[in-house]
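Asker: Predicted structure and sequence below. I'll ask about it afterward.
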Amino acid sequence: MNMVSEPNVKTEAGPALVVDNVSHRFGETLALNDVSLEVPRGAFVVLLGLNGAGKSTLFALITRLYDNVTGEIRILGHDVRRRASAALQRLGVVFQGRTLDIDLSLKQNLLYHCALHGISGREARARSKRALEFVELADRANEKVRNLSGGQARRVEIARSLLHRPALLLLDEPTVGLDIDSRESAVKIVRSLVAKEGLGVLWATHLFDEVEPTDLVVILHKGRVLFTGAVTEFLEKTGTKTVSDAFRALTGITDTELAA
Amino acid sequence: MSVGSATEAGGSLQPAGQEAGHGWGVEPAPLGLRAYFTCLKGIVWREILRYLHQRERFLSALVRPLVWLFIFAAGFRQTLGVSIIPPYQTYVLYEVFIAPGLIGMIQLFNAMQSSLSMVYDRETGAMRTLLVSPFPRSYLLLSKLVGGLSVSLLQVYTFLLVAYFWEIEPPLYGYLTVLPALILSGLMLGSMALFMSSIIRQLENFAGVMNFVIFPMFFASSALYPLWRIKESSVLLYQICQINPFTHAVELIRFALYGQVDWTSLAVVLAFTAAFLGGAIYAYNPSKGLIARRGGPGGS
């Protein structure tokens, strides 16, 4: 560990996220097999994998729904298992399912999240307001979430995940079920955060067109990491031109399996 | 819908002149006592808001016990005579007798709704939002319990208010002395439901919970009939009723409503609360718990 040893100076060392040799087993099934990956600060990392590849299990471990038994997971150097509180303070999550309270207003949803991070009063209200401005929904702050479209709700969820100013943002299939416009706007918001705030982002998806040439990719297939690195390397290594071809080449799956 | 415009216009999340220590990339302060209180307040506030906003839930929570009181009790009144048993000092109307049972029912339903709903509907997501908070998990679960409890207290006192006009008139101080009993019984039922939410994944809908948990607990208890009556017809059922924690929750409430303490029930309720709460905290513990083994809730 390369923690700075100066007294009274708190420095968080290391990349936004490090997953180190993590395996996870449910009964007989090996859901994750010796998975290692890294999300540097200020990087947009796409976790590509089909349904059932182990993405959700990996996310459950990083968000500490349950503990990793083997290996290590560190958020800004904080071990998720041993220093859970510090690690979770630096983590923002957008879950796959809808997790807003639809009967509460946007503002109430955000204030609740602030409270879950110990942020109260004026500070909480100011942060909520700014976060809604950021995703261009400030004018609907007092409306119920029920009245929002799927894309708008997603944007609120992104705004919510940023309230406590995390250094690492996890998004689990954030664009599933959204129309093209909403998808684009969600992607754009998150990418701008990476550029401006130096956030590390781990974006899990099975949609190849969400990968941009400058991104880093992690290919997760049947619980194993088959590749991690830049998109250009990925294409080079597989001798292909598109990410989807590269994915097919690497995993050896057929188009019909992909379609399923 | 162009989201880019705001960000391109320099819409940073960081307000200008942001004080040091509040920005991105700066390690946040460890969570102090005040933060803990903020968290508890937020969780309780959300539970109450959600309850008040869901009009159907609000109404059904009130209508359910009132239907029992107005219709069932009225019909049963002639069939079932209740002799003088403590804490009552005179013959009481059947309505008066079942009021504590109905209060227990309110708390039972509320506990199931607030805790068990996490198993199967979109609250699964809400649970994960809760668990990803940096506070210790046992504290989050306790806060969640206190939130559910607050809602149930709201429901019970609304019921007592309406029931007052239906000749359920406990002594005035009873409304105060019943409060600690309600808190205990609410905590017991809430932690039971929380514990169940972690181990049961098979109950697909609320009907299943009604059939397998709520109805058996409610009917095999002293909520609707005094236990000595049950003993007359079936000793086995009587024994089942006696080990049913719900019976003791009801008796605790019944005596407390008249300013008295049923010590046996108090001990039983306390013991079950501790057991269920311990079970729930264990089950939700990320390294030991049952969730880890099952990959739920919401796990694939």
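Answerer: Arrived safely, thanks for sending.

Asker: quick one: average pLDDT of stretch A:235-247?
Answerer: The average pLDDT for stretch A:235-247 rounds to 92.

Asker: Export only the CA atoms of that stretch, formatted as PDB.
Answerer: Presented in PDB, the C-alpha positions along stretch A:235-247 are these (Å, rounded to 0.1, in the frame of the first residue of the first chain):
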ATOM      1  CA  LEU A 235      -9.300  -4.100 -31.600                       C
ATOM      2  CA  GLU A 236      -5.600  -4.700 -32.400                       C
ATOM      3  CA  LYS A 237      -5.400  -7.800 -30.300                       C
ATOM      4  CA  THR A 238      -8.400  -9.300 -31.900                       C
ATOM      5  CA  GLY A 239      -7.600  -8.000 -35.400                       C
ATOM      6  CA  THR A 240     -11.100  -6.500 -35.800                       C
ATOM      7  CA  LYS A 241     -12.600  -3.200 -36.600                       C
ATOM      8  CA  THR A 242     -15.600  -2.900 -34.300                       C
ATOM      9  CA  VAL A 243     -16.000  -3.600 -30.600                       C
ATOM     10  CA  SER A 244     -18.800  -6.100 -31.300                       C
ATOM     11  CA  ASP A 245     -16.600  -8.100 -33.700                       C
ATOM     12  CA  ALA A 246     -13.800  -7.900 -31.200                       C
ATOM     13  CA  PHE A 247     -16.100  -9.200 -28.500                       C
END
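
Asker: for the host helix or strand of residue A:218, packing partners?
Answerer: Using DSSP states H and E, residue A:218 falls within strand A:216-221. Applying 3 or more CB pairs under 8 Å, 6 or more residues apart in numbering or on different chains; DSSP states H and E, we find strand A:216-221 packed against strand A:29-39, strand A:44-48, strand A:224-230, helix A:231-238, helix A:243-251. C-betas here are computed from N, CA, C, even on glycine.

Asker: could you redo the last one with a cut-off of 10 Å?
Answerer: Other elements packing on strand A:216-221 under the criterion 3 or more CB pairs under 10 Å, 6 or more residues apart in numbering or on different chains; DSSP states H and E are strand A:29-39, strand A:44-48, helix A:55-62, strand A:200-205, strand A:224-230, helix A:231-238, helix A:243-251.

Asker: Any idea which of these gets closest to residue B:135?
Answerer: Smallest distance to residue B:135 across the helices and strands packed on strand A:216-221 (CB to CB): 17.8 Å, for helix A:55-62.

Asker: Is chain B within reach of the closest one?
Answerer: Yes. Legend: contact between helix A:55-62 and chain B by CB under 10 Å from any CB of the partner chain is shown at A:55, A:56, A:57, A:59, A:60, A:61, A:62.

Asker: remind me, longest helix of chain A?
Answerer: helix A:180-197 (DSSP state H).

Asker: Buried residues, it. List them.
Answerer: For helix A:180-197, burial by neighbour count (16 or more other CB atoms under 10 Å in any protein chain shown) applies to A:182-187, A:189-194, A:196-197.

Asker: follow-up on the earlier one: turn the helices and strands packed on strand A:216-221 into JSON lines, columns for distance to residue A:82 and mean neighbour count.
Answerer: Formatted as JSON lines, the helices and strands packed on strand A:216-221 follow (distance: least, CB to CB, whole Å; neighbours: other CB atoms under 10 Å in any protein chain shown):
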{"stretch": "strand A:29-39", "distance to residue A:82": "19", "mean neighbour count": "19"}
{"stretch": "strand A:44-48", "distance to residue A:82": "24", "mean neighbour count": "24"}
{"stretch": "helix A:55-62", "distance to residue A:82": "14", "mean neighbour count": "25"}
{"stretch": "strand A:200-205", "distance to residue A:82": "20", "mean neighbour count": "24"}
{"stretch": "strand A:224-230", "distance to residue A:82": "23", "mean neighbour count": "17"}
{"stretch": "helix A:231-238", "distance to residue A:82": "33", "mean neighbour count": "16"}
{"stretch": "helix A:243-251", "distance to residue A:82": "34", "mean neighbour count": "19"}
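
Asker: looking only at pLDDT, what's the mean for the helix or strand containing residue A:127?
Answerer: Assigned by DSSP H and E, residue A:127 belongs to helix A:121-134. Averaged across helix A:121-134, the pLDDT comes to 95.

Asker: As CSV, could you dump the C-alpha coordinates of it?
Answerer: Presented in CSV, the C-alpha positions along helix A:121-134 are these (Å, rounded to 0.1, in the frame of the first residue of the first chain):
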residue,chain,number,x,y,z
GLY,A,121,-30.0,21.2,6.3
ARG,A,122,-28.9,24.0,4.0
GLU,A,123,-26.0,22.0,2.6
ALA,A,124,-28.3,19.2,1.5
ARG,A,125,-30.8,21.5,-0.1
ALA,A,126,-28.1,23.4,-1.9
ARG,A,127,-26.5,20.2,-3.2
SER,A,128,-29.9,18.8,-4.3
LYS,A,129,-30.7,22.0,-6.2
ARG,A,130,-27.4,22.0,-8.0
ALA,A,131,-27.6,18.3,-8.9
LEU,A,132,-31.0,18.8,-10.4
GLU,A,133,-29.7,21.9,-12.4
PHE,A,134,-26.9,19.7,-13.6
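
Asker: Is whichever helix or strand comes after it in proximity to chain B?
Answerer: On the C-terminal side of helix A:121-134, the closest following helix or strand by DSSP H and E is helix A:150-162. Yes. Against chain B, helix A:150-162 shows contacts by CB under 10 Å from any CB at A:151, A:152, A:155, A:157, A:158, A:159, A:160, A:161, A:162.

Asker: All set, thanks.
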